[in-house]
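In: Got a predicted structure here, sequence first:
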Amino acid sequence: MDTAQETHDVPARPRPGMLAGKVAFLTGAGRGIGAAAARLFAREGAKVLLAARSEDQLKSVAEEIRAAGGTAAHLVCDLADTGAVRAAVERTVELYGRLDVAFNNGATNIPPGPLDGVREDDLDHVYAVNLRGPWAALVAEVAAIRATAGRGAIVNNTSVGALMANPELPAYGAMKRGLNSLTASAAATYGPEGIRVNALAPGLTLTEMVRDWDAAVPGTVDRHTARVPLGRAAAPEEIAEAAAWLLSDRASYVTGVVLRADGGMLA
């Protein structure tokens, strides 16, 4: 009997999705990387709660996910409002009974320019959305995971611009670097409980924010692409794939890292 042939003829069992059976909360989920992540997480088996400021964008993404057979709900949430952030995480638990994973992706920016050109109110706004907002989300997410799933994973979306000098976007880079520090502290604090916390640092990605930057400063995309060994910018879907892996059990021994998805820009 040809055992090798018999083994070859046995149909392979389909591998379950990376996030099968998990409940996921995402911020900034109405467009760009967040929307791509929401679609991917749902395809990979997660029930998703999408949060962002734009009702129309959120509704469109959630409806698309449901039309494809996934489970999705949405909630308007301004990351600058820490109470709204906490309420959004709590709503996820109310809807789905638990929280397993979270992708803190939402962010804002201000017009590019040197440090001495940043207005104080703009600096305060970038701080409120890009650092205080994820801090509030982290606190609420850890509490929700602890109270329901018991173990889980969180990914904070930062930037390669936080890993080097960032003269064009100094406030943005500073807040994202602060978020890297929060990530490391959270990983060390909550690791003993089985809660993993990582950061994802995308390079140049063709989101609406980057397209707006290129419109304000023509040539920005081409100039930054010239620094990328892979020779191109990322699609939002490529960054979403990295986030899904970090949140999945396939990354079960990964915590406290800042994973660069930058096409080799900082190699």
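Out: Structure received.

In: Look at residue 200 and tell me its secondary structure.
Out: Three-state assignment for residue 200 (DSSP: H, G, I helix; E, B strand; the rest coil): strand.

In: For it, give me its contacts.
Out: With contacts defined as CB atoms under 8 Å, 6 or more residues apart in numbering, residue 200 is in contact with 155-158, 239, 242-243, 246, 258-259, 261. Yep, even glycine has a C-beta here, placed from its N, CA and C like the rest.

In: at 10 Å what do you get?
Out: 33, 37, 103-105, 155-159, 183, 239-240, 242-243, 245-247, 257-261 (CB atoms under 10 Å, 6 or more residues apart in numbering).

In: and if you look at residue 114?
Out: Taking CB under 10 Å, 6+ apart as the contact definition, residue 114 lies against 167-168, 170.

In: Excluding chain neighbours, what is closest to residue 71?
Out: residue 47 (4.2 Å; CB to CB, 6 or more residues apart in numbering).

In: hmm, which helix or strand of the chain has the shakiest average pLDDT?
Out: Among the helices and strands of the chain, helix 3-9 carries the lowest confidence by mean pLDDT, DSSP states H and E, at a mean of 49.

In: could you pull out the strands for the stretch 51-200 of the chain?
Out: In chain order, the stretch 51-200 of the chain shows strands spanning 71-76, 101-104, 152-157, 195-202, with DSSP state E, counting those that start in this stretch as the criterion.

In: The helix or strand following the last one to strand 195-202, inter-axis angle?
Out: Past strand 195-202, further along toward the C-terminus, the next helix or strand under DSSP states H and E is helix 208-216. Going by axes from the mean of the first three to the mean of the last three CA atoms, to 10 degrees, helix 208-216 is angled at 20 degrees with respect to strand 195-202.

In: Show me what helix 208-216 is in contact with.
Out: In contact with helix 208-216 (CB under 10 Å, 6+ apart) are residues 28, 30-33, 35, 57, 107-109, 111-113, 168-169, 172, 202, 204, 206-207, 220-224, 233-234, 236.

In: what's the average pLDDT for that helix?
Out: Mean pLDDT, computed over helix 208-216, is 84.

In: Please identify the buried residues of the helix ranked longest in the chain?
Out: Under DSSP state H, the helix in the chain containing the largest number of residues is helix 170-190. In terms of neighbour count (16 or more other CB atoms under 10 Å), helix 170-190 has its buried residues at 170-180, 182-184, 186-187, 190.

In: Does that helix pack against any helices or strands, and if so which?
Out: Applying 3 or more CB pairs under 10 Å, 6 or more residues apart in numbering; DSSP states H and E, one finds that helix 170-190 contacts strand 101-104, helix 120-127, helix 133-147, strand 152-157, strand 195-202, strand 258-261.

In: Does residue 238 touch residue 245 like I think?
Out: No: counting by CB atoms under 10 Å, residue 238 sits too far from residue 245 to count as a contact (11.5 Å).

In: need the contact list for the residue lying closest to residue 135 once chain neighbours are set aside.
Out: Spatial nearest neighbour of residue 135, chain neighbours left out: residue 182 (6.1 Å); criterion: CB to CB, 6+ apart. Contacts for residue 182 (CB under 10 Å, 6+ apart) come out as 104, 131, 134-135, 138, 156, 158, 197, 199.

In: Output the residues you listed in JSON lines; the columns should cover pLDDT.
Out: Below are these laid out as JSON lines (pLDDT from 0 to 100):
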{"residue": "104", "pLDDT": "98"}
{"residue": "131", "pLDDT": "98"}
{"residue": "134", "pLDDT": "98"}
{"residue": "135", "pLDDT": "98"}
{"residue": "138", "pLDDT": "98"}
{"residue": "156", "pLDDT": "98"}
{"residue": "158", "pLDDT": "98"}
{"residue": "197", "pLDDT": "99"}
{"residue": "199", "pLDDT": "98"}
